[in-house]
Structure formats: C-alpha cells, structure tokens
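Chemist: from the sequence below, what's the structure:
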Amino acid sequence: MGDYVIECVTFLLRWLHVVAAIAWIGESFYFVALDRGLAPPKDAEPNLCGESWSVHGGGFYRKQKYLPAPRELPADVHWSKWKSYTTWMSGFALLSVVYLFSPQVWLVDPAVAVWTPNQAVLLALAFLVLGWLCYDGLCRLFHDRDDMLGAAVAGLVLLLCYATTHVFAGRAAFLLTGAVLGTIMSANVFFVIIPGQERIIAALQRGEAPDPEPGRRGKQRSVHNTYFTLPVVFAMLSTHYATAYAHADAWLVLAAFMAAGALIRQFFVLWHSGGRAWWLLGAGGFVLLAVFAWIRPLPRVPVAPPVASASAGTVTATATVAAAVPPPDTQAIQVLLTRHCAQCHSATPTLMGVAPKGITFDTPQQIESRAAVIERQVSVLRVMPPGNLTQMSDAERELVSRWLQRRAQ
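Modeler: Numbering: from 1, shown residues only. The predicted model follows:
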C-alpha cells in the first residue's frame, strides 16, 4: 500500500507541475508578445510609453504600458508570481520523491561510482543553489552590459551541461540541468522581479517618483526567463528520450538541444515585434536534425560471448568462436535479465515500488512477449538498464540480439 501511495503522490505532483508550468509559461509568453507588439501611444498621457489593440473571443482589448509607472496607483493590480512559485515547488517536490529519495537508482552513475547516494543528493541540492548564485552574480557583475551578460549566461549554461553530465547518471543529469534553469527562472521572479515591483508601488503610495532601475532589472531577468523556457521544457521531456542522455557526449547533445530551443524562441520574440527572421527558425531546425543524425544508433559490430578455452582454461572472444556458439535460448536470456533487469522489472522489484509500466521479466512467457522491446532498448539503443546501473557488458547485449535472431528463424 505504501508503494501505491507514493505512485499516487508522484502522479498528482507531476500533474500539478505540468498545469502550473503551462499557466506560467503561457502568461510569460503572452506578456513577451504584448511588450514586443506595443506601438507608440496616440494619447499624450504622462508615462504612457506604448499601447496595442487586439481582438479575441468576440471582444476588443486595448493594452497600455506605463514606464516606470502610472502617475496614480490603480486600485487593483494583477501580480504574476504564484504560477511561478507553484511550478517550482511542485517540481522540487517531484524531483525529491522520484530522484532524491532513490539516488542509488537515478543519481549515481555506476560507471563512475565516485559518490555515495547521500553525497549525490547533497550535490544535486548544491547544484540548484550554486546555479542561482553564479547566475545572479553574473547579472550583478554585467548589470549594464546586456551583450556581455548574454555571453556569460550562455557560457554558464554550457558549463552546467558539462558538469551535470559528468557528475550524475545521464537521465538525472538532463533533468537536473533543467531544474537548475527552472530554479533560476523562479528565483528571478522571487528575488528580483516581484521585489522591484513592490518598491515601485511603495514609492507611488508615498507619493514619490519611482526609481526606474528596479523595473529595468526586472525586465532584464524576464528576458532571460523567456530564453530559458524552451531549453527547460526539453530537459523536462528528455527523460523520454534515452538516446540523447545515454550518448557518450551527452553534455554536447544537451547543449545543442538547448541552443536549438533558444534559437527557436528568439524567432518568435522577433516575430512579435514585426520581425521575420526565418533564418533563426531554420538554424534551430538544422541543429535539431544535425543532433538526430549524430546520435543515431550505428550498426552493431558483433561481440563474441566469452567462452572458456579448452587448452589454457582462459577466456577468448573471437569471431570464429562466436559463430560456433549457438544463439542463446529464452532460459539463458532469463538468467541474464534476472541479473541485470529484475531489480526493476519484476513482480517484487528491489529498487522501486512497482515495475515501470508494469513490465516484468519473471517468466519465459513474459520475456518472449516483450522480445522486440528488450532488443531495442538493450541492444540497439543501449539505454537499458538506465545509466547501465548493473553494468551490462557489450557481449551480454549481443547475446540478446542473437537470441532475437534465433526466435525469428
């Protein structure tokens, strides 16, 4: 029952996180489009710097922007903050339940095995904090140099991609990169954008002319948030694309996908102000296609299973011996899957509450019914076990492929 409760909690958190993120991103995208589409106002009202008309849902809307603020504070002002906070809190809770509570499964890379599970959890939390501190420090250092700041932030993201993929297992590395950027986005709202707006409103309430600097800083951080959005969305969805995070150069794969997202976002940002920079959309698409071509599974070179030599008692692995050894039967594959996969794919898994997607390999019949999926995940894409948690060898992966060939004959 406890495992079922955790499954329910995970589902509800994921649902809440997605709904809150849709609301936050949707509102953010709307305000970017609104701000970029403003035209010079026709009315000569003090501090009125732009306006636009739109039609939607059978009605006409007139939007106006004041800088740094209107002369009089309106009675009712809408604040854009709770969607951001809800997105981050639900995301952190989901990260904790799925990843931080099972670090030995998701965080620790067995090929490196430098960190203990507890150390991996502390490192994951440190990445969230240090990511924000480094970013905020860059913003304060280059606060009035947007060109240099943009380059510095891009460099920080590239360094983040490299660091996460060399510290954590692949799937967790991609997700944590997105979590760090998401933390930066929400922290921008909490520590910079909203406090700046509060200072402007407080000045109006005192009857003083508000300082425009908090508004400028808030706009700067808001612009950064809009370019982070599509890279973060990719990082969140990347858990379903094992070919990407299982690649040997996963940090470059991650960086390329994020760069493509930023290019595509820039296309739409310029579109809202009348620009038609089709080359940005083409460049983003080209990067995506290039990455897909780069990380495609290559034809496998058969790897002979280890066979004991009759003369010396040693282990040999030659193509001649491989050809002489008959393909394994289902019973042999069941032994292999019990060694490498039963920790998760079993009626009684030891690494998690329930088997992922209900897939179990406890009987020959269950294994044979999933033969094509097993070969695809284990031999072709080579993404299972996740992060090669149980250190499955190339020879063992080749055995799975030869088993499927035997069944096809």
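Chemist: need the nearest residue in space to S54, chain neighbours excluded.
Modeler: Excluding the flanking residues, the one nearest S54 by Cβ to Cβ, 6 or more residues apart in numbering is Y61, at 5.1 Å. All C-beta atoms are positioned from the backbone trio N, CA, C, and that covers glycine.
Chemist: that neighbour - that's part of a strand, no?
Modeler: Yes. Secondary structure of Y61 (DSSP: H, G, I helix; E, B strand; the rest coil): part of a strand.
Chemist: got the buried residues for the helix or strand containing L288?
Modeler: In this structure, L288 is located in helix 278-294 according to DSSP states H and E. Residues of helix 278-294 classed as buried by neighbour count (16 or more other Cβ atoms under 10 Å): L280, L281, A283, G284, V287, L288, V291.
Chemist: repeat that for stretch 89-99.
Modeler: By 16+ other Cβ under 10 Å, the buried positions in stretch 89-99 come out as S90, G91, F92, A93, L94, L95, V97, V98, Y99.
Chemist: send the alpha carbons of it over as CSV?
Modeler: Output in CSV follows, covering the C-alpha atoms of stretch 89-99 (Å, rounded to 0.1, in the frame of the first residue of the first chain):
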residue,chain,number,x,y,z
MET,A,89,7.6,24.0,-5.5
SER,A,90,5.7,21.1,-7.3
GLY,A,91,8.8,20.5,-9.5
PHE,A,92,11.1,20.3,-6.4
ALA,A,93,8.7,18.0,-4.6
LEU,A,94,8.6,15.7,-7.7
LEU,A,95,12.4,15.8,-8.0
SER,A,96,12.6,14.8,-4.3
VAL,A,97,10.1,11.9,-4.5
VAL,A,98,11.4,10.4,-7.7
TYR,A,99,15.1,11.2,-7.7
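Chemist: can I get the buried residues of stretch 89-99 in TSV with secondary structure and distance to A372?
Modeler: TSV is the format used below for the buried residues of stretch 89-99 (DSSP: H, G, I helix; E, B strand; the rest coil; distance: Cβ to Cβ, whole Å):
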residue	secondary structure	distance to A372
S90	helix	36
G91	helix	34
F92	helix	38
A93	helix	36
L94	helix	31
L95	helix	33
V97	helix	32
V98	helix	28
Y99	helix	29
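Chemist: off-centre distance for the longest helix seen in the chain?
Modeler: Ranked by residue count and defined by DSSP state H, the top helix of the chain is helix 2-36. Relative to the chain's own centre, helix 2-36 is displaced by 14 Å; criterion: Cα atoms, centre = their mean, to the nearest Å.
Chemist: and the next helix or strand past it?
Modeler: Sequence-wise, the next helix or strand downstream of helix 2-36 (DSSP H and E) is strand 48-56.
Chemist: how far is that next one from where the chain is centred?
Modeler: Centroid separation for strand 48-56 versus its chain: 35 Å, with Cα atoms, centre = their mean.
Chemist: in the longest helix of the chain, what counts as buried?
Modeler: So helix 2-36, judged by 16+ other Cβ under 10 Å, has buried residues 6, 13-14, 16-17, 20-21, 23-25, 28-29, 32-36.
Chemist: what residues sit buried inside the helix or strand in which V400 is found?
Modeler: Using DSSP H and E, V400 sits within helix 394-408. Residues of helix 394-408 classed as buried: E396, R397, E398, L399, V400, S401, R402, W403, L404 (neighbour count, 16+ other Cβ under 10 Å).
Chemist: now swap in stretch 99-118 and tell me
Modeler: Y99, L100, P103, V105, W106, L107, V108, D109, W115.
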